[in-house]
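Chemist: Sequence first, predicted coordinates after that:
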Amino acid sequence: MTDTKKKVAAIQMATGPNVSANLLEAERLVSEAVDNGAGLVVLPENFAFMDKQERDLCALRESDDDGPLQDFLSQLAKRHGIWLVGGSIPLEAHDNSKVRAACLVFNDQGERVARYDKIHLFDVNLVEANEQYVESETIEPGHDPVVIDSPFGKLGIAICYDLRFPELFRSLLAKGMEIICMPASFTAITGKAHWETLIRARAIENLSYVIAAAQGGFHINGRETHGHSMIVDPWGTVLAQVPRGSGSVSCAVDLSYLQSTRRNFPTLDHRRLNCD
């Protein structure tokens, strides 16, 4: 039985290439969120490492269920007695030259309760910024949508570019999703154009909460990310937001409000087409 109202948080960072410094910053921000009453905390994509080349992630590749980044997340969750959605870290892939961008979820005992591997990979050319991203050169895509039970509700996990594919969220909804946990690292250009619109759209069309934890600021590798980590309710209202730089944002999610919204505005029952 879940409580209907509990506090959650999204962490925002401007991660660099120094893993130790990034982990210290993540720990500081999680502590800040816990001090503000959060019992569920979501870290951003690539919270532990961002360097000049995507391929540099391979040097940090860990085997499943064994490695310092996984130990860090487990210990952080246990020490603070929180549920922790661990952004993304690089885990071994079937292709030895690549990694899986994995989001691991730990309960308040530090036990891993879920793993989601990023499905949609960011292969784009941003002409306006003279930036090109080819995640598929380094990252092997996952295949399986993930929803897990938690004391906060049913959590659906997605990572960054996944946000642009509404059929993924319909599949999560079919598994019972009530809260979308969204670690991300949107570029400054795409974030300014689409980030809030997409976050609110996913909340509205699925009548779900969204906890969106982003990278936000200027990075040592020369990249600029959009930030604007936010928590959005099932009606699409932005409940809390942090614009730029490192920080945390927290507020309560209320499952009784979610359930009454779905009951009184039953768009989910009115669907006539399914996405295969």
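Modeler: Sure, I can see it. Residues are numbered from 1 along each chain as shown.

Chemist: Do a quick rundown of the helices in the stretch 151-276 of the chain.
Modeler: 166-174, 188-190, 196-206, 255-264 (DSSP state H, counting those that start in this stretch).

Chemist: got CSV for those, with mean pLDDT too?
Modeler: Below are the helices of the stretch 151-276 of the chain laid out as CSV (pLDDT from 0 to 100):
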stretch, mean pLDDT
helix 166-174, 97
helix 188-190, 94
helix 196-206, 98
helix 255-264, 98
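
Chemist: mind checking which of those helices is nearest V34?
Modeler: Closest to V34 of the helices of the stretch 151-276 of the chain is helix 255-264 (CB to CB; 21.1 Å). For the C-beta atoms, the positions are set from N, CA and C on the backbone; glycine is no exception.

Chemist: Would you agree F218 is in contact with M50?
Modeler: No: under the criterion of CB atoms under 8 Å, F218 makes no contact with M50, lying 11.3 Å away.

Chemist: JSON lines for the helices of the stretch 151-276 of the chain, including mean neighbour count and distance to S31?
Modeler: Compiled in JSON lines, the helices of the stretch 151-276 of the chain are given as follows (neighbours: other CB atoms under 10 Å; distance: least, CB to CB, whole Å):
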{"stretch": "helix 166-174", "mean neighbour count": "18", "distance to S31": "30"}
{"stretch": "helix 188-190", "mean neighbour count": "19", "distance to S31": "28"}
{"stretch": "helix 196-206", "mean neighbour count": "20", "distance to S31": "26"}
{"stretch": "helix 255-264", "mean neighbour count": "14", "distance to S31": "26"}
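
Chemist: Output the ones you listed as TSV; include the columns distance to D95.
Modeler: Formatted as TSV, the helices of the stretch 151-276 of the chain follow (distance: least, CB to CB, whole Å):
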stretch	distance to D95
helix 166-174	22
helix 188-190	27
helix 196-206	29
helix 255-264	40
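
Chemist: Kindly state the beta-bridge partners for the most centrally placed residue in the chain.
Modeler: Nearest to the mean C-alpha position of the chain, by CA atoms, centre = their mean, lies P183 at 1.8 Å. For P183, the beta-bridge partners are A213 (DSSP bridges).

Chemist: which residues does it contact?
Modeler: 42-45, 47, 85, 87-88, 103, 159-160, 213-214 (CB atoms under 8 Å, 6 or more residues apart in numbering).

Chemist: neighbour count winner among F218 and M50?
Modeler: M50 (24 against 14; other CB atoms under 10 Å).

Chemist: For the closest residue to the more buried one other than its chain neighbours, which residues are in contact?
Modeler: The shortest distance from M50 to any non-neighbouring residue, by CB to CB, 6 or more residues apart in numbering, is to T15 (4.4 Å). Neighbouring residues of T15 by CB under 8 Å, 6+ apart: 22, 25, 44, 46-50, 215, 219.

Chemist: try 6 Å
Modeler: When contacts are counted by CB atoms under 6 Å, 6 or more residues apart in numbering, T15 touches 22, 46-47, 50.

Chemist: re earlier: so what sits against both of F218 and M50?
Modeler: Common neighbours of F218 and M50 (CB under 6 Å, 6+ apart) do not exist.

Chemist: coming back round to it: for the residue nearest to the centre of the chain, report the pLDDT, please.
Modeler: Confidence at P183, expressed as pLDDT, is 98.

Chemist: From N274, how far out is it?
Modeler: Counting by CB to CB, to the nearest Å, the gap from P183 to N274 is 28 Å.

Chemist: And for R263?
Modeler: R263 is 22 Å from N274, by CB to CB.

Chemist: And for A102?
Modeler: 28 Å.
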